[in-house]
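> Dropping a prediction and its sequence here:
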Amino acid sequence: MDEHKLRRAFVDALDIEDDNVVDSLEYGTVKEWDSIGHMKLISEIELNFDIMIDTDDVIAMNTFGRAKDIVKKYSDEN
Amino acid sequence: MNYFWNTLEQFNDNICAVTSDGRSFLYKEVIEKADSLKTVLSSKSLVAIFCRNDYETLVGYVGVLRSQSIALLINDTLDPEVTATLLATYSPDYVWSRKNEEVAIASIGEYSLKKRDVDLGDMLHPDLKLLLSTSGSLGSPKLVKLSSQNIQSNAKSIASYLNLSPTELPITTLNMSYSYGLSVINSHLLSGAGILLTDASLMTPNFWNLIKEKKVTSFAGVPFIYEMLDRLRFEQMDLPSLKTMTQAGGKLPLFLAKKFAHITHKKNINFYIMYGQTEATARISYLSPDQVMKKYTSIGKAIPGGTLEIVDDKGDVIEMPNKIGELVYHGKNVMMGYAKTRCELSKGDEMNRTLRTGDLSSFDEEGFFYIQGRKSRFIKLFGNRVNLDEIDHFLSEEGFECVTGGEDEQLSVAVVGNDRVSHQQIKRLITKRFRYHHSAISLIAIPEIPRNSSGKILYEKVFSKN
């Protein structure tokens, strides 16, 4: 899994600084990562990694750390 | 007249509120707490309520309804600057909020009631009961003035066409300070139903667990919520208790309207496509679920007790189907008028139960209405009405030469010159000031702002889709 690519998806989708993308970055704790930002983020990740994320994972992806695990899981399946 | 908030005792032993941490409260408990606030409010005053979807906000709201006072509902997450402007403009006598910096005269949970040192001793109109913002997050301190009769008649009408009963349990998806969100609260209180109060987002497992665990029967959604539902593959979800879904707050994109008409049909969920404005307390029309499969592009017909008509440029009523004119609504839920200052809170009804909606519309041979566009320069973003002139004004004050346009869910800014830095700045300014998510804002570069000979901006030339 390309962590750099995932990091860039966060930066682009949420319009936040690269420095802020740390494992503990959590949904709802910064104003950019609200439900609207989350929709954008999921689309960005799906597009860049060419994967389709299941509903349960969409709503479970609440930190950057979790996102890494989830995207890794899908990337391994491919 | 008997307003529903004065007769809630009839539901004493029904569950009124369920909170996301699992507590539940009977109507009699809510009434007791609400009345404890009512007793400390001096006669006819203005009370600002900082709204979250929680028990304390509900109690504060019911308390003000049951008192002689007037409620000004403000979203607790509203930009602090905008909040300060609202407070400065309307000088509420009391504030019900979670903030605790002043000496409280009453408190429940984290919320407390503060008396503010304003003492204007001015007259507040006896019919006035509620003040709502038209745009949710926009900077303008313009408010809609609603009377007790407005609230009562709209709640009653909604409860009637949704067939609400005490067995209902909606989950909150919209803030109570927003007319659509508040209409859910009002119509369910009137029906003696319970309300699951939560600020949990659809994008969290918590929201969906609550629906399953508490056996939620309905929820409301603006177009963006339906986009999220689509993204979450709502069609694959198994939610046996869910019986009703409503949609309002802007036109649903056609493909989503069609898709959800089909999904809800298959799942045996009543899907109501509705239309309304804060100026009409909330609801103006609805499409009956049995029509939704063939008429999903329609906003339906007027709600019980109201009438809709279409008028031409001269103000004459159009009787012919499929002719476009301005949609005009008549009903007891039409606001008293707007307020821009505290002084205007003393004025009585200025609307005479008639609302020119500003939306262009037509009706078909069977009398179903369709929205065809906007007369004025408004778009909807995330359920909030956005006045494009206001954004233009703001950006020009910030020193940018640009005009705004766009459609629902997409704000376009046409900037003179192709300077990337100023494009970024504009985007930042808009997201900061108005709190619109940057993904809903697009920028284009134009050589100049096109105008006609009399200097009027030709918006259609800038934003034409062809």
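Thanks, I have it.

> Not counting residues beside it along the chain, what's closest to the residue of the stretch 301-450 of chain B found nearest chain A?
Closest approach between the stretch 301-450 of chain B and chain A, counting by C-beta to the nearest C-beta: B:H437, at 4.1 Å. From N, CA and C alone the C-beta is placed, and that goes for glycine too. Excluding its sequence neighbours, the residue lying closest to B:H437 (C-beta to C-beta, 6 or more residues apart in numbering or on different chains) is A:I36, at 4.1 Å.

> Just give the number of residues close to the nearest residue to A:D54 once chain neighbours are set aside.
Nearest in space to A:D54, with sequence neighbours left out and distances taken as C-beta to C-beta, 6+ apart, is B:R233 at 8.0 Å. Look at B:R233: counted by other C-beta atoms under 10 Å in any protein chain shown, it has 13 neighbours.

> secondary structure class for the residue nearest in space to the middle of chain A?
Nearest to the geometric centre of chain A sits A:A67, at 5.0 Å (C-alpha atoms, centre = their mean). Secondary structure state of A:A67, per DSSP: H, G, I helix; E, B strand; the rest coil, is helix.

> and it, what pLDDT?
At A:A67, the predicted lDDT confidence score is 96.

> same deal with B:S453?
As predicted, B:S453 sits at a pLDDT of 66.

> which parts of chain A sit against chain B?
Chain A has residues A:13, A:15, A:27-28, A:31, A:34-40, A:42, A:54-56, A:58-60, A:62 near chain B, with proximity defined as C-beta under 8 Å from any C-beta of the partner chain.

> Could you list the low-confidence segments of the chain?
Here I'm looking at chain A. For chain A, applying pLDDT under 70 flags the ranges A:78.

> Hmm, no, I was thinking of chain B.
B:1, B:100-102, B:135-140, B:453-456, B:464-466.

> Now do the helices in it.
Using DSSP state H, the helices of chain B run over B:27-38, B:55-66, B:80-90, B:148-161, B:179-190, B:205-214, B:223-231, B:254-267, B:292-295, B:388-397, B:420-434, B:459-463.

> Show me which positions of the first one end up buried.
What that stands for is helix B:27-38. Residues of helix B:27-38 classed as buried by neighbour count (16 or more other C-beta atoms under 10 Å in any protein chain shown): B:Y27, B:E29, B:V30, B:I31, B:K33, B:A34, B:L37, B:K38.

> got the residues you listed as a markdown table, with distance to chain A columns?
Formatted as a markdown table, these follow (distance: C-beta to the nearest C-beta, whole Å):
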| residue | distance to chain A |
| --- | --- |
| B:Y27 | 31 |
| B:E29 | 30 |
| B:V30 | 28 |
| B:I31 | 33 |
| B:K33 | 29 |
| B:A34 | 30 |
| B:L37 | 30 |
| B:K38 | 34 |
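
> now what about the longest strand belonging to chain B, what contacts it?
Ranked by residue count, the top strand of chain B under DSSP state E comes out as strand B:354-363. Here strand B:354-363 makes contact (C-beta atoms under 8 Å, 6 or more residues apart in numbering or on different chains) with B:277, B:279-280, B:284, B:299, B:308, B:310-311, B:321-330, B:334-335, B:369-376, B:378.

> List the strands paired with that strand, with their directions.
strand B:325-330 (antiparallel), strand B:369-374 (antiparallel) (DSSP bridges).

> mind checking how far it is from the chain centre?
Strand B:354-363 has its C-alpha centroid displaced from the chain centroid by 18 Å (C-alpha atoms, centre = their mean, to the nearest Å).

> and if you look at stretch A:34-41?
Put simply, stretch A:34-41 sits 9 Å off its chain's centre (C-alpha atoms, centre = their mean).
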